[in-house]
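# Pasting a predicted model and its sequence here:
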Amino acid sequence: MVRLTAPALGLLLCTGCSDLLGGGRAQDWLAWTIPHGSSHAALAPVGGLLLVEAGPGVVALRQSDGSEAYRTTLDRTSASSRIWVQGDRAYFTPGEDVYAVEAATGAVFWHAALPSSADYSHNTADERAVYVGMRNRRVVALSAADGAQLWEVDVGLGWVFASLITGISVAGDTVYVAVRRHMDDGDLLQRAVVVALDRHSGREIWRYEGGGPHANVIDAPTVAGDFLVLSDEYTNTFFALDRATGREAWRVQGLRGYVGPYNRPRVADGVVYAGMGDTHVWAADLRTGKVLWKTATGSSIYAVEVCGERIVVNDDDIEILDRRTGRHLGYALRSTDAVFATSDVVVSGMRAFVIGNKASYAIDCG
């Protein structure tokens, strides 16, 4: 591990860099901006830090001011496309590896080699285990203590065509696995599959398969009370499953003729928020799927997140909406051909964080 402090390796605090703010006024929403030399994709907040993918390693920025706390280079050559956190540990899946590190320092606790790449799935962990989806359609549970394998299961046993685990969630004693099942060689025909597994043994509890021949699922299921809420990229819909049975409870159809969403829905206070490919943010009642409002944005939406009473939207711009009404409140970034947002949106307290092609951004949600 190589540990450096700000402003090492060209990562500089920048509170007033107009060339990184795109084409409009954004200073009212931005807490800080950190320029960087290349586009980062993965990020996760933990313990006052923001962990950001940086080539074959991770940079930890202080959430308060964006200054660099440490930089870790892992023993690998590929960049991690996924970062997730459980307790005081952060986990990374660069290709056929899983790393567990101390989030506060970047020190490596353990490393486990996998038989297949885990770079696509949005993975998860609890206090007992780390649950990882691999490109060979297998889910593996590794001990959170030392990385030893606890169980492994093929969620696509007998399937003819290659398929992808898109994400995993865990709640109580159940692990929920979202799978994009390919029905032909050309990937034109797909189905959405969700499998519920016992977290102790990997035993299958129930299985959902639906959405028709031109449907799929993307990202991990969002666990919300009695429901799982998911996004269907091919049909521009989002839908809910009953957690106990796997039966589809409702489905919201976005505007037809669009592809999306590209990210999982978010849920707060009984309301589901989905950023869609049809350039709208949709809000729906969690129990019934009744649409409460929808708001047009500048373009197809990559990600949304709830931050206090706001919705932070990445649609190349970083837009701010009122989460109760959908009313547009302003921008934290106006994109141009040269400057635009590229990442998921993550939240810690009353601050949201987004990565762009030129900078990292912290947004105050008060």
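Looks like it came in fine.

# quick one: the strands in the stretch 251-366 of the chain?
Counting by DSSP state E, counting those that start in this stretch, the stretch 251-366 of the chain has these strands, from start to end: 266-268, 271-275, 280-285, 291-296, 303-307, 310-315, 317-322, 328-333, 341-348, 351-356, 359-364.

# same deal with the stretch 1-150 of the chain?
In the stretch 1-150 of the chain, the segments counted as strands under DSSP E, counting those that start in this stretch are 30-35, 43-46, 49-54, 57-62, 68-73, 83-86, 89-92, 97-102, 108-113, 124-125, 129-133, 138-143, 149-154.

# Would you format those as CSV with distance to Asn216, mean pLDDT and mean neighbour count included?
For glycine as for every other residue, the C-beta is placed from the backbone atoms N, C-alpha and C. Putting these into CSV (distance: least, C-beta to C-beta, whole Å; pLDDT from 0 to 100; neighbours: other C-beta atoms under 10 Å) gives the following:
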stretch, distance to Asn216, mean pLDDT, mean neighbour count
strand 30-35, 35, 93, 22
strand 43-46, 25, 93, 21
strand 49-54, 25, 89, 24
strand 57-62, 30, 90, 24
strand 68-73, 34, 90, 20
strand 83-86, 22, 93, 20
strand 89-92, 25, 93, 24
strand 97-102, 25, 93, 20
strand 108-113, 29, 94, 15
strand 124-125, 20, 97, 23
strand 129-133, 15, 98, 26
strand 138-143, 18, 98, 22
strand 149-154, 19, 98, 16
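
# quick one: which of these is nearest Ala249?
When the strands of the stretch 1-150 of the chain are ranked by distance to Ala249, counting by C-beta to C-beta, first place goes to strand 124-125 at 22.3 Å.

# now for the closest one, which elements pack on it?
strand 83-86, strand 129-133, strand 164-171 (3 or more C-beta pairs under 8 Å, 6 or more residues apart in numbering; DSSP states H and E).

# Export those strands as CSV, with columns for distance to Ser201.
Formatted as CSV, the helices and strands packed on strand 124-125 follow (distance: least, C-beta to C-beta, whole Å):
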stretch, distance to Ser201
strand 83-86, 20
strand 129-133, 11
strand 164-171, 14
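
# Looking at these, which is nearest to Ala362?
Closest to Ala362 of the helices and strands packed on strand 124-125, according to C-beta to C-beta: strand 83-86, at 17.0 Å.

# What's the local residue count around Asp184?
In terms of burial, Asp184 registers 11 neighbours under the definition other C-beta atoms under 10 Å.

# cool, Arg256 as well?
Here the count is done by other C-beta under 10 Å, and Arg256 has 9 residues near it.

# ok, for it, nearest residue in space, not its chain neighbours?
The shortest distance from Arg256 to any non-neighbouring residue, by C-beta to C-beta, 6 or more residues apart in numbering, is to Asn236 (7.1 Å).

# still on that earlier bit, okay, the strands of the stretch 251-366 of the chain in CSV with mean pLDDT, mean neighbour count and distance to Gly260 next?
Supplementary listing: the strands of the stretch 251-366 of the chain in CSV, determined by pLDDT from 0 to 100; neighbours: other C-beta atoms under 10 Å; distance: least, C-beta to C-beta, whole Å:
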stretch, mean pLDDT, mean neighbour count, distance to Gly260
strand 266-268, 98, 20, 15
strand 271-275, 98, 25, 8
strand 280-285, 98, 22, 10
strand 291-296, 98, 15, 13
strand 303-307, 97, 23, 11
strand 310-315, 97, 26, 11
strand 317-322, 96, 23, 16
strand 328-333, 94, 20, 19
strand 341-348, 94, 22, 15
strand 351-356, 95, 25, 18
strand 359-364, 94, 23, 23
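
# Let me know which of those strands is the nearest to Ala224.
With distances scored as C-beta to C-beta, the stretch of the strands of the stretch 251-366 of the chain nearest to Ala224 is strand 266-268 (4.0 Å).

# now Arg135: how far from Ile165?
Separation of Arg135 from Ile165 (C-beta to C-beta, to the nearest Å): 8 Å.

# Pull up the overlap in contacts between the two.
Taking C-beta atoms under 8 Å, 6 or more residues apart in numbering as the contact criterion, the common neighbours of Arg135 and Ile165 are Tyr120.

# quick one: which of the two has more around it?
A side-by-side neighbour count of Arg135 and Ile165, using other C-beta under 10 Å, places Ile165 first with 28 against 19.

# List the beta-bridge partners for that one.
Listed beta-bridge partners, Ile165: Val179 (assigned using DSSP bridges).

# how far away is it from Ile301?
As judged by C-beta to C-beta, Ile165 and Ile301 stand 24 Å apart.

# With Ser117 instead?
28 Å.
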